[in-house]
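Pasting the sequence and the predicted model now:
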Amino acid sequence: MPSGSRRTHTKSRNGCGQCKRRKIKCDERGPRCSNCCKREEQCDYELFEHPTSSPRRKRSKNPLSDQSSDRIIKYPSPLPSLPSMNLTHLELMHHYLTNTSLTLHEFRESGKRWEVIVPAQALSHEFLMHALLGVSALHIVQLRGMSKSTSRYLACARAHHNEAVTLFRSTVTEITPTNCTAAVAFSHLLLIFSSGIAQISDALHHHDNIDSLITVLASFRSYWKLSPPCSSG
């Protein structure tokens, strides 16, 4: 018997699930293969897209990769740019919340006035935010002592203090229910800053307590001009 060439066929993995379970060759005709037509069974091709037009891919173990394109979150292009982050401000705010605010409680005070209310007001009133950061920077200097490493905190404290005073003068023309809490907190922080800066100045220049008192009183006198006129009504 002459040896003839063996008939070859192309193997395919796109057959329907019914033919694969019976281990028979599927002709892959949609919408229902001939084997399923003969047995009058529902074919996978009726439920899914025909494999000849879009080959079936291996199922991924990652469920996110199997999501349809309409479910994928699409972000606007280009993405909005974020402002640069000021790490010094974050450091000063962190120090205020975890250290400085805890020293401002009155005797047996149980509220969260300086930890919660004042920082929340500072988010709406920039002059109060600068006053808060200035006191925080000055507190760091007092805790660590004057040195080359803390000199930048002293300069930062004075810069925030000056900005706070400038903003208060330019934005607060009268005390209203909207700004009264921020104004009261601002006045407290100014007094605290004046006392603290006087102590540091005396330590740097070896002044006595009388000089410190004069420095504080001079600061209070200048702050008195900041108070807006109160309405008589």
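All right, it came through fine.

any idea how far Leu189 is from Asp44?
Distance, Asp44 to Leu189, using Cβ to Cβ, to the nearest Å: 73 Å. Bear in mind the C-beta positions are built from the backbone N, C-alpha and C, glycine included.

cool, and Gln142?
15 Å.

Looking at these two, which has the bigger crowd around it?
Leu189 (26 against 17; other Cβ atoms under 10 Å).

number of nearby residues for the residue nearest to Ile140 when sequence neighbours are not counted?
Spatially, and ignoring its direct neighbours in sequence, Ile140 is nearest to Tyr153 (4.8 Å; Cβ to Cβ, 6 or more residues apart in numbering). As a burial measure, Tyr153 scores 23 neighbours (other Cβ under 10 Å).

can you check Gly145 too?
As a burial measure, Gly145 scores 10 neighbours (other Cβ under 10 Å).

Buried residues of the helix or strand that contains the residue nearest to Ile140, list them for me.
Per DSSP states H and E, Tyr153 falls inside helix 151-171. If you call a residue buried by 16 or more other Cβ atoms under 10 Å, then helix 151-171 has these buried ones: 153-154, 156-157, 160-161, 163-165, 167-168.

where do the helices sit along this protein?
Under the criterion DSSP state H, the chain contains helices at 17-22, 34-39, 44-47, 87-98, 118-122, 126-144, 151-171, 180-205, 209-224.

Would you mind finding the most buried of those?
Counting by mean count of other Cβ atoms under 10 Å, helix 126-144 has the highest mean neighbour count of the helices of the chain, with a mean of 23.

can you give me the mean pLDDT across that helix?
For helix 126-144, the mean pLDDT works out to 95.

and that helix, what does it pack onto?
If you count contacts as 3 or more Cβ pairs under 8 Å, 6 or more residues apart in numbering; DSSP states H and E, helix 126-144 packs onto helix 87-98, helix 118-122, helix 151-171, helix 180-205.

TSV for the ones you listed, including distance to Cys19 and mean pLDDT?
Below are these laid out as TSV (distance: least, Cβ to Cβ, whole Å; pLDDT from 0 to 100):
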stretch	distance to Cys19	mean pLDDT
helix 87-98	65	95
helix 118-122	69	95
helix 151-171	77	94
helix 180-205	77	83
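
got a markdown table for those helices, with distance to Arg32 too?
Shown next, in a markdown table, are these (distance: least, Cβ to Cβ, whole Å):
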| stretch | distance to Arg32 |
| --- | --- |
| helix 87-98 | 65 |
| helix 118-122 | 67 |
| helix 151-171 | 77 |
| helix 180-205 | 75 |
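
Between these, which one is closest to Cys36.
With Cβ to Cβ as the criterion, Cys36 lies closest to helix 87-98 of those, at 66.3 Å.

Just want the angle from the closest one to helix 151-171.
Relative orientation of helix 87-98 and helix 151-171, computed by axes from the mean of the first three to the mean of the last three Cα atoms, to 10 degrees: 90 degrees.
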